[in-house]
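[1] compute the structure for the input listed below.
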Amino acid sequence: MRIRTAIFTLLLITGTCSSELLAQKERELPKTGTLSGTYMGGNEGVAVPGQWGEKDILSDKQPPITGSVSQRNREEWIMKVFNNTIDDYSVGVKVIQFDKRGNKTKSDNFSYRLKAGESKERSIRARSNTETAELELTNWKQLTDRGAAAEESK
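    Numbering: from 1, shown residues only. Got it, this is the predicted structure:
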């Protein structure tokens, strides 16, 4: 009986410590993923990827980098990328255009250095048969760590 109690207590302590460490540990984000997409009509059966860096429900933090892609008119897409932090980031993004069957028709790559709170916008020429588009994050790197310094000074 004492062995069972000791094992249960050990598991309980380990579980508590693990959950506390998990809550304290900074969330690690993947280096790539979908920031935004337009998925409308005629795309039955097309898989819609999950959004990169979705809001962390454990800490209520926004992802550091977000973005959007929208169609201004039949000839033009507008891509925006945002830095939601007090740190500087280097980011690579790709706008991928798709036809009504979900086949890729065009892709454009861009790189930016985003200062704290900065956003960038770009106009992209649309292919004539493009129906939807995705904004993919291809890489990112945190260049400054002002957030950690702000946390330490509290």
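[2] surely residue 109 is in contact with residue 138?
    Yes. Using Cβ atoms under 8 Å, residue 109 is in contact with residue 138, at 6.9 Å. The C-beta positions use only the backbone N, C-alpha and C, and glycine is treated the same way.
[3] which one of those two is surrounded by more residues?
    Taking neighbours as other Cβ atoms under 10 Å, residue 109 and residue 138 compare with residue 138 leading, 14 against 11.
[4] check which helix or strand the more buried one maps to.
    Assigned by DSSP states H and E, residue 138 falls within strand 132-142.
[5] would you indicate which residues of stretch 92-100 are buried?
    Using 16 or more other Cβ atoms under 10 Å as the test for burial, stretch 92-100 gives 92, 93, 94, 95, 96, 97, 98, 99.
[6] only C-alpha atoms, please: export stretch 62-70 in CSV.
    Extracted in CSV, the C-alpha atoms of stretch 62-70 (Å, rounded to 0.1, in the frame of the first residue of the first chain):
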residue,chain,number,x,y,z
GLN,A,62,-0.8,37.0,-29.9
PRO,A,63,1.6,35.4,-32.4
PRO,A,64,4.5,37.7,-33.1
ILE,A,65,3.9,37.8,-36.9
THR,A,66,0.5,37.9,-38.6
GLY,A,67,-0.7,38.7,-42.1
SER,A,68,-3.5,39.0,-44.5
VAL,A,69,-4.1,38.6,-48.3
SER,A,70,-7.2,39.9,-50.1
